[in-house]
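J.: below is the sequence, then the predicted model.
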Amino acid sequence: MLTSPVSGSAAPRSAAPRSAAARIAAASDTEMSPPQVNAWITPDLVGASLYEAKAAIRLVTDDNPVVRTASVDATGQGQTRPSDSDWRVCWQSPEAGSGIRLGCLVSLHVTVDQSCAELVS
């Protein structure tokens with residue numbers, strides 16, 4: 001069991017690996033509910049498309065315009081993106097399970113033509 005730093009409640013963890021979309025959908029019923037006013041739990045976005053990740057943040061924060069997302073080319077090459085669906089999240093900040101508050105910037109480090117494993121090795 002993981003303990004949420006914002007709400008202090010325990011979040012269940014599944015032993016079986018799931019797709020990014022499945023993790024986001026499952027989290028929408030549990031971890032993504034705002035534990036207190038203007039504070040939310042960051043979902044696990046690693047492996048999701050940039051489009052899915054941005055949608056998950058909007059879902060988590062009730063589409064609050066004060067919580068922003070920024071995508072960063074994880075390769076450091078400054079590549080542009082024709083479509084958010086083409087990019088995959090390699091890592092994120094803040095980390096999954098930590099708190100998002102008003103004014104927070106959620107950074108999504110993404111790649112389009114390399115696997116995330118290649119970037120960390």
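T.: Looks like it came in fine. Numbers count the residues shown, from 1 in each chain.
J.: listing request: residues of this protein with sub-threshold pLDDT.
T.: Where the chain drops to pLDDT under 70, the residues are 1-38, 120-121.
J.: go again with 90.
T.: The model of the chain has pLDDT under 90 over residues 1-39, 62-66, 72-73, 75-86, 99-104, 112-121.
J.: could I get the full set of strands for it?
T.: Using DSSP state E, the strands of the chain run over residues 2-3, 10-11, 39-41, 68-73, 88-93, 99-101, 105-111.
J.: of all those, which one comes closest to L59?
T.: Nearest to L59 among the strands of the chain is strand 39-41 (9.7 Å), distances taken as CB to CB. Backbone N, C-alpha and C define where each C-beta goes, glycine included.
J.: by contact count, what packs against that closest one?
T.: strand 99-101 (3 or more CB pairs under 8 Å, 6 or more residues apart in numbering; DSSP states H and E).
J.: what helices and strands are in contact with the strand it packs on?
T.: Partner elements for strand 99-101 (3+ CB pairs under 8 Å, 6+ apart): strand 39-41.
J.: got the buried residues for the strand it packs on?
T.: Judged by neighbour count (16 or more other CB atoms under 10 Å), strand 39-41 contains these buried residues: A39, W40, I41.
J.: deepest of the strands of the chain, which one?
T.: Ranked by mean neighbour count, those are led by strand 39-41 with a mean of 22 (mean count of other CB atoms under 10 Å).
J.: dig out what W91 forms beta bridges with.
T.: Note on W91: beta-bridge partners by DSSP bridges are H109.
J.: my read: it touches A74, true?
T.: Yes. Using CB atoms under 8 Å, W91 is in contact with A74, at 7.2 Å.
J.: helices of the chain, start to end?
T.: 20-29, 50-60, 116-120 (DSSP state H).
J.: what angle do the longest one and strand 105-111 make?
T.: Between helix 50-60 and strand 105-111, the angle formed by their directions is 160 degrees, by axes from the mean of the first three to the mean of the last three CA atoms, to 10 degrees.
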